[in-house]
Every structure is written in structure tokens, then in C-alpha cells.
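A.B. asks: please find the sequence and the predicted model below.
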Amino acid sequence: MASPDTQLANQCTSSIVWSAESDKSTYVRPTENLHVHCPFQVLPVIRMSRIADYLSSLRRKRSGFDTPPAPERDFVAIGDVHGCDGLLAQLLDRVEHEAPGLPVIFVGDYVDRGPDSAGVLARIMELTRSGAVGLRGNHEAMMLDFVDMPARAGPQWLTNGGVQTLESFGVPAPADPWDDNALTDARDALIDRAGPALIAWLRERPLIWQSGNVAVTHAGGDPSSPLEPRRGHGLLWGHPDFWRKRRKDGLWMVHGHYIVAAPGMRDGRISIDTGAFHTHRLTAAIVTRGDVRFVST
């Protein structure tokens, strides 16, 4: 059992460097040994490495998940862009400044709702040629369904942001979203403007990326099932249990799809869709061994 002096030193250190209620750290000069002034006396206390371990463990406790994130390599995940190419350019600049050289993983939903889906697709497609990873989201799935079955899939896509995507490619949206001939004409014009290379690239988008005990998908999937591409519906559209149950395999899940007021990590979920198309906040998670930090526009 620690002596009363050591217990007092630890209590004083904790109260000075971390406030669980305010969720803020107070940083001190890293020296070989620290002395903290308590009301009773000046005591030698733990080194900075132990303070860092303490802060990290406290964050894990508050995340509600016992196993800390442990990717094989640090990486950056970027949330749902939804046609906001200007915000994406800003966020990529910030990421390069704060996490230079790290691989970038996009969680999907590049298109719809925002004003420049064509620009977003061109930018991310180019980035994947130099090492970035672009996953598929449910909005890319709807866009591809429109390409394959315009009369059947067109009405759903157009009412979920497809109108803005067509317009970004210079294709007028059908006046009647149930007009089969108008939908087919719009599909043909979209393929002509987008080009076969982009359509093929969209079809090739994977559903899952994983490093160590951290996975990235669009919508998280069923927390009770193994993480497999064949379970694509839940990975694209979400699952009823996603917010009710924790995964039991120790995997942290970085995801978009569900708009949150602020990015966060809890119960094995790292949530980064901050509704860029209407909040103007596009978010990235910088995932490192033992910790996650967020940057937003």
C-alpha cells in the first residue's frame, strides 16, 4: 500500500494535470522530475511518462471500452464529405500540417447533397492513386444503382441528394423523378460526363479497411457479427444494434453515416460524420496507438 505522502502526491498531481469534469489538460514543462505544490508541502511526484499513461487510461475509461486503439500504423480517417470539395481541401491541408505523411482513409459518402460531388470524386480518385483508401458509402451505392437501374433506383437517389450530384456534372435533373424515359436520359448523360473510368472506380470501392484492432467502414455494421464484406448492407446502411451493443471482438470501429453533433469515441465506436453539407464541419480522426484526436474545418 502506498504511503500517505505518496497518495497525497498522486491526488495533487491528478487534480492539477487533468480535470475529468472539464475534459481539459493542463500541460506542464516536461522535466526529469516534477514537484507539485500542495497546500501542505512540496512533494516529488511521478514523471511525465507516468502522467501520460494516467491520462491515456482515463480517456479509455471514459470511452467505455477496455482495449485501447492499437493500429499497426497511425492513420487518418475522414468523415462523410457529401459534395463539399472546398471543405475537403481545407481539411486535407490541416491534416497534412498536423499528421504529415500518414495514410488517409475515407469512410465513403463522397456524393450528394453538397454542391460539388464531381470535384470531390475527382480529388479522392486522384488521392487513391497515391496511397489513400476510399471506401464505399450508401450514397455511392445509390448512385451506382441509378447507373444500373435508372427507372427503378432513380426516385430514391434523386430525393436523397442525387439532384445535386447530377447538377455538379452539368446534367439537369428530371423534372419528374418518376418519368422512366427522363431518368434513363439523365443516366446516359451522367455516364457520358463522368466517364467510364470514374464509374469503374466507384464499383471497385471496398467496404472495409483494418489496421490492428481498428477497422474503418461507412456505417459500422452489426456489432454481433464478424466483420466481413459479405455483410455489406449493414456496413453501408447501418444496423439497429450498432448504437446499442459493443463489439465483443475488441475491434474499434471508425465510421460515418450517422451525423453527430461532435466527433467522439465511446464503446468501441469512433464517430466522425459531423454533417459537413449543412454544418460546414468536416472532420478527420487521427488514430494512433492508444489515442485518437479530431480535427475539423
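C.D. replies: Arrived safely. Numbers count the residues shown, from 1 in each chain.
A.B. asks: using the three-state scheme, assign Met265.
C.D. replies: Following DSSP: H, G, I helix; E, B strand; the rest coil, we place Met265 in the strand state.
A.B. asks: for it, the count of nearby residues, please.
C.D. replies: Neighbourhood size, Met265 [other Cβ atoms under 10 Å]: 25. No exception for glycine: its C-beta is placed from N, CA and C like everyone else's.
A.B. asks: same deal with Leu144?
C.D. replies: 17.
A.B. asks: secondary structure element for the residue lying closest to it once chain neighbours are set aside?
C.D. replies: In space, Leu144 comes closest to Leu202 once its chain neighbours are excluded; the distance is 5.9 Å by Cβ to Cβ, 6 or more residues apart in numbering. Assessed by DSSP states H and E, Leu202 sits inside helix 196-203.
A.B. asks: quick one: contacts of that helix?
C.D. replies: The contact list for helix 196-203, computed with Cβ atoms under 8 Å, 6 or more residues apart in numbering, reads 121-122, 125, 128, 136, 140, 143-144, 147, 191.
A.B. asks: what of stretch 284-296?
C.D. replies: For stretch 284-296, the external contacting residues (Cβ under 8 Å, 6+ apart) are 56, 59, 68-71, 74-79, 91, 94-95, 98-99, 102, 212, 214, 254, 263-265, 270, 272, 274, 281-283.
A.B. asks: for Leu144, give me its contacts.
C.D. replies: Leu144 is in contact with 199, 202-203, counting by Cβ under 8 Å, 6+ apart.
A.B. asks: buried ones among those residues?
C.D. replies: With neighbours counted using 16 or more other Cβ atoms under 10 Å, these contain these buried positions: Leu202.
A.B. asks: let me know the closest of the contacts of Leu144 to Pro226.
C.D. replies: The shortest gap between Pro226 and any of these belongs to Arg203, at 24.3 Å (Cβ to Cβ).
A.B. asks: mind pulling up the pLDDT for that closest one?
C.D. replies: In this model, Arg203 is scored at 98, pLDDT.
A.B. asks: circling back to that earlier point, could you list which of the contacts of helix 196-203 belong to helices?
C.D. replies: Counting by DSSP state H, the contacts of helix 196-203 place 121-122, 125, 128, 140, 143-144, 147, 191 in helices.
A.B. asks: would you point out the most distant pair within those residues?
C.D. replies: Greatest spatial distance among the ones in helices among the contacts of helix 196-203 (Cβ to Cβ): Thr128 and Ile191, at 20.5 Å.
A.B. asks: which residues does whichever strand or helix holds Asn181 contact?
C.D. replies: Using DSSP H and E, Asn181 maps to helix 180-194. The contact list for helix 180-194 (Cβ under 8 Å, 6+ apart) reads 118, 121, 146-147, 150-151, 154-155, 166, 169-177, 199.
A.B. asks: show the buried residues in those residues.
C.D. replies: With burial judged by 16+ other Cβ under 10 Å, the buried subset of the contacts of helix 180-194 is 118, 121, 146-147, 150, 154-155, 166, 169, 171, 173-174, 177.
A.B. asks: check the spatially closest residue to Cys84 that is not a sequence neighbour and give its pLDDT.
C.D. replies: Spatial nearest neighbour of Cys84, chain neighbours left out: Gly114 (4.2 Å); criterion: Cβ to Cβ, 6+ apart. Gly114 carries a pLDDT value of 97.
A.B. asks: cool, and Arg231?
C.D. replies: Reported pLDDT for Arg231: 80.
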